[in-house]
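got a structure for you, letters missing:
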């Protein structure tokens, strides 16, 4: 009986050691981010933030390694601090982690999509003449329907009322979901300048 107890204790220690190797999202950072999002005047931000932290926690629970943990916590810190462009880059980099399984890569993509939805809602919801495009883009990103995100993304990127900060931010999102959009836009603009167009 004593040997059996020792065996279970050793197994418990090994399992405990393995569970500590998984990348847990910092609960304090997640709570602070959620609190900030829910305190915003835009009620959509709290809902998106809840979805985002849920996916981050799922990825953190299933993925091993300090790098994943650092990127998740870094994205939360940057989002809470209003450094949205840098937060997106951190979230987008999660899928590049070599040790992720296909299921974990799927979760990492969802984290990137939800981080993008949060940033777009936060920074563009009140953009003049773009409310419909912003709503469509946010819904598409939240649902993972990325082909439906391209047209509204391009429309927002071409909005004449963008501030310099918004231009930089939408470029970060557009480069992720519609690579090559600037070249295509430049070609269309060049054609429009030709006589007869």
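Great, that's in hand. Values in this document were obtained by computation on a predicted structure and should not be read as measured data.

mean confidence for stretch 77-92?
Mean pLDDT, computed over stretch 77-92, is 92.

Going by neighbour count, which residues of it are buried?
By neighbour count on 16 or more other C-beta atoms under 10 Å, the buried set for stretch 77-92 is 77-80, 84-92. Glycine gets a C-beta too; all of them are placed from N, C-alpha and C.

Same check on stretch 38-47?
44, 45, 46, 47.

ok, now stretch 114-128?
So for stretch 114-128, counting by 16+ other C-beta under 10 Å, buried means 114-125, 127.

what does the helix or strand encompassing residue 29 contact?
Assigned by DSSP states H and E, residue 29 belongs to helix 27-39. Contacting residues not belonging to helix 27-39 are listed as 45-46, 48-50, 53, 56-57, 73, 76-77, 79-80, 118 [C-beta atoms under 8 Å, 6 or more residues apart in numbering].

Give me the residue ranges of the protein where confidence is low.
1-23, 64, 98, 180-197 (pLDDT under 70).

same thing but 50
1-22, 184-194, 196-197 (pLDDT under 50).

would you list every one of the helices in it?
Secondary structure of the chain by DSSP state H: the helices cover 2-21, 27-39, 43-62, 66-80, 84-93, 102-124, 131-143, 147-157, 164-177, 181-193.

what's the burial count for the closest residue to residue 60 other than its chain neighbours?
Leaving aside its sequence neighbours, residue 60 sits nearest to residue 25 (C-beta to C-beta, 6 or more residues apart in numbering; 4.1 Å). Residues lying near residue 25 (other C-beta atoms under 10 Å) number 22.

Next up, phi/psi of residue 25, please.
phi -70, psi 140 (degrees, to the nearest 10).

For it, which residues are in contact?
53, 56, 57, 60, 69, 72, 73, 76.

out of the residues you listed, which is most surrounded?
For the contacts of residue 25, neighbours tallied by other C-beta under 10 Å; top is residue 56, 30 neighbours.
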